[in-house]
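Asker: all I have is the shape, not the residue letters:
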């Protein structure tokens, strides 16, 4: 894994990069978590994978920000390293950010691979199921910044309340593959709904794995994400 520092505006952002092949940018969860997926052992095979650490978190400068700024940072990184298009892989919150990125920048997002996201909703029954299952979920210790988490969470709420949300999703031609973790305490129905809504969506489930199966089942994570990225090559728009 090569470590780079990329300037976006007046802020220095950490980005890891590894591998060779079609470009993939990998987004972590939280929001506000460090870049916990930046590991050679779980990188998608046969691809060049980029791992930005979010603004205000870990090795990146800056502070609390909204989704608009997060997407602008991804665009700044993409332009700085000279990439025309890339596949966007997102885990958990990163899945939700990837979806918005694709809707707003379909010309640069070749495909979305969203793993174990929550979807654009704050449904009460979904939250109840999540809270009820917390005690049974495997514990994974990941550093995070509460202030960044709060700012991005508020921005997410504003986004899903926007009047153009569903129209933008229904019109987005970017291929999107949503992958649920079979033993996730987070209900997967929002991902299934997204897959049915977007014109080129698909939905699948990895059975018998928890939310953070990048940690508990690293080989299966690598296999799943690699296969989804390879399949995305055939899904690209003409």
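Answerer: Perfect, thanks for sending it. All figures in this text were calculated on a predicted structure; none of them were measured in a lab.

Asker: what about residue 21, is that helix, strand or coil?
Answerer: State at residue 21, reduced to three classes by DSSP: H, G, I helix; E, B strand; the rest coil: coil.

Asker: can you offset everything so residue one is 435?
Answerer: Happy to do that; since the first residue is 435 now, the last one works out to residue 455.

Asker: what residues of the worst-scoring helix or strand of the chain on mean pLDDT count as buried?
Answerer: One helix or strand of the chain scores below all others by mean pLDDT, DSSP states H and E: helix 652-669, with a mean of 94. For helix 652-669, the neighbour count (16 or more other C-beta atoms under 10 Å) marks 655, 656, 658, 659, 660, 661, 662, 663, 664, 666, 669 as buried. The C-beta positions use only the backbone N, C-alpha and C, and glycine is treated the same way.

Asker: pLDDT weak spots in the chain?
Answerer: Low-confidence segments of the chain, defined by pLDDT under 70, span residues 669-672.

Asker: quick check: the most centrally placed residue in the chain vs residue 473, distance?
Answerer: When C-alpha atoms, centre = their mean is applied to the chain, the residue found nearest the centroid is residue 524 (1.9 Å). For residue 524, the distance to residue 473 (C-beta to C-beta, to the nearest Å) stands at 16 Å.

Asker: neighbouring contacts of stretch 525-539?
Answerer: For stretch 525-539, the surrounding residues in contact (C-beta atoms under 8 Å, 6 or more residues apart in numbering) are 460-465, 467, 471, 501, 504-505, 508-509, 522-524, 543, 546-554, 586, 590, 593, 602-603, 606, 608, 610, 612, 625, 628, 645, 648.

Asker: relative to the whole chain's centre, how far out is it?
Answerer: Relative to the centre of its chain, stretch 525-539 is centred 6 Å away, using C-alpha atoms, centre = their mean, to the nearest Å.

Asker: buried residues, it. List them.
Answerer: Going by 16+ other C-beta under 10 Å, stretch 525-539 has these buried residues: 525-537, 539.

Asker: need the strands for this protein, in chain order.
Answerer: Along the chain, counting by DSSP state E, strands occupy 436-442, 445-452, 457-461, 482-486, 520-525, 543-549, 610-615, 635-640.

Asker: go through these and name the closest to residue 573.
Answerer: Of all those, strand 610-615 sits nearest to residue 573, with 15.5 Å by C-beta to C-beta.

Asker: list the contacts of residue 524.
Answerer: Taking C-beta under 8 Å, 6+ apart as the criterion, residue 524 is in contact with 460, 461, 530, 531, 532, 533, 546, 547, 548, 549, 551.

Asker: would you list those residues in CSV and tack on distance to residue 496?
Answerer: Shown next, in CSV, are the contacts of residue 524 (distance: C-beta to C-beta, whole Å):
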residue, distance to residue 496
460, 19
461, 16
530, 20
531, 16
532, 20
533, 23
546, 25
547, 26
548, 25
549, 26
551, 24
